[in-house]
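# Dropping the sequence and predicted coords here.
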Amino acid sequence: EAGVVQSPRYKIIEKKQPVAFWCNPISGHNTLYWYRQNLGQGPELLIRYENEEAVDDSQLPKDRFSAERLKGVDSTLKIQPAELGDSAVYLCASSPSGRDLLDQYFGPGTRLLVL
Amino acid sequence: RKEVEQDPGPFNVPEGATVAFNCTYSNSASQSFFWYRQDCRKEPKLLMSVYSSGNEDGRFTAQLNRASQYISLLIRDSKLSDSATYLCVVSGGKLIFGQGTELSVKP
């Protein structure tokens, strides 16, 4: 069974440029999470989707970050414009439902470097 | 104050050593507790859950003290393959990760 797929794996951009990350969760998983992991820190939740609905986006910096999961399957996270401080690993995770936090599987992440 | 705080690393230990990681959390309403392992440039993976009664999985023992809001992980007879970052995770509806403690096991 395929795991959580993310692309691209690496991205280097200049500040003020836009960037987008894509995530395809495990088939049948209704809950999708986006995390940001800064160097030397643990992952921090940015947004959680239950199917196509964003049920927790309290940590998403809404001035420059946006996310969508239009058909309740794959998802895109966008930053526009990117800032130097956005350099981090962006992790996507999925679970069958939001009830069991243990059943959360992480993708390999997208490493973003903003110059 | 961070919600979840761990021992600053890195820990450098020889093979066969016993090593203990400590973690404290600030939200007394937290419901579930875990340890995750993250290898260099890889995603985090669940290592084990933590219960008040303590739980053991082979060389790994996890303990929870709710009164002190303290979580620990003990690794006995450490192996080279145990080298990784260990993340303390607390849940109160969503996963809240500590900053991680890096372990390096040397021959």
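Received the coordinates, thanks.

# Close to chain B: what parts of chain A are there?
Residues of chain A found near chain B (Cβ under 8 Å from any Cβ of the partner chain) are A:40-45, A:48, A:56, A:91, A:101-102, A:104, A:106-109. Where C-beta positions appear, they are placed from N, C-alpha and C, glycine not excepted.

# OK, now which residue of chain B is nearest to chain A?
B:Phe97 (2.8 Å; Cβ to the nearest Cβ).

# Over to the closest residue to that residue other than its chain neighbours: give its phi and psi.
Counting by Cβ to Cβ, 6 or more residues apart in numbering or on different chains, B:Phe97 lies nearest to A:Gly42, which is 2.8 Å off, once chain neighbours are set aside. Dihedral pair for A:Gly42: phi -80, psi 170, per degrees, to the nearest 10.

# what number of residues lie near A:Gly42?
Neighbourhood size, A:Gly42 [other Cβ atoms under 10 Å in any protein chain shown]: 23.

# Most neighbours of all the residues of chain A next to chain B, which one?
Of the residues of chain A next to chain B, with other Cβ under 10 Å as the count, A:Pro43 tops at 28 neighbours.

# Show the contacting residues for it.
A:35-37, A:91, B:44, B:95, B:97 (Cβ atoms under 8 Å, 6 or more residues apart in numbering or on different chains).

# who does the most centrally placed residue in chain A bridge with?
The residue lying closest to the centre of chain A (Cα atoms, centre = their mean) is A:Trp34, at 3.0 Å. Following DSSP bridges, A:Trp34 is listed with bridge partners A:Ile47, A:Cys92.

# contacting residues around it?
A:23, A:45-48, A:67, A:75, A:77, A:90-92.

# so which of the residues you listed comes closest to B:Ser83?
A:Leu91 (21.0 Å; Cβ to Cβ).

# Surely the closest one is in contact with A:Gln37?
Yes. If you go by Cβ atoms under 8 Å, A:Leu91 and A:Gln37 touch, sitting 5.9 Å apart.

# intersection of neighbour lists for those two?
A:43, A:109.

# So what's the residue count around the closest residue in space to A:Asn51 that isn't next to it in sequence?
Nearest non-adjacent residue to A:Asn51, counting by Cβ to Cβ, 6+ apart: A:Gly72, 4.0 Å away. Neighbourhood size, A:Gly72 [other Cβ under 10 Å]: 14.
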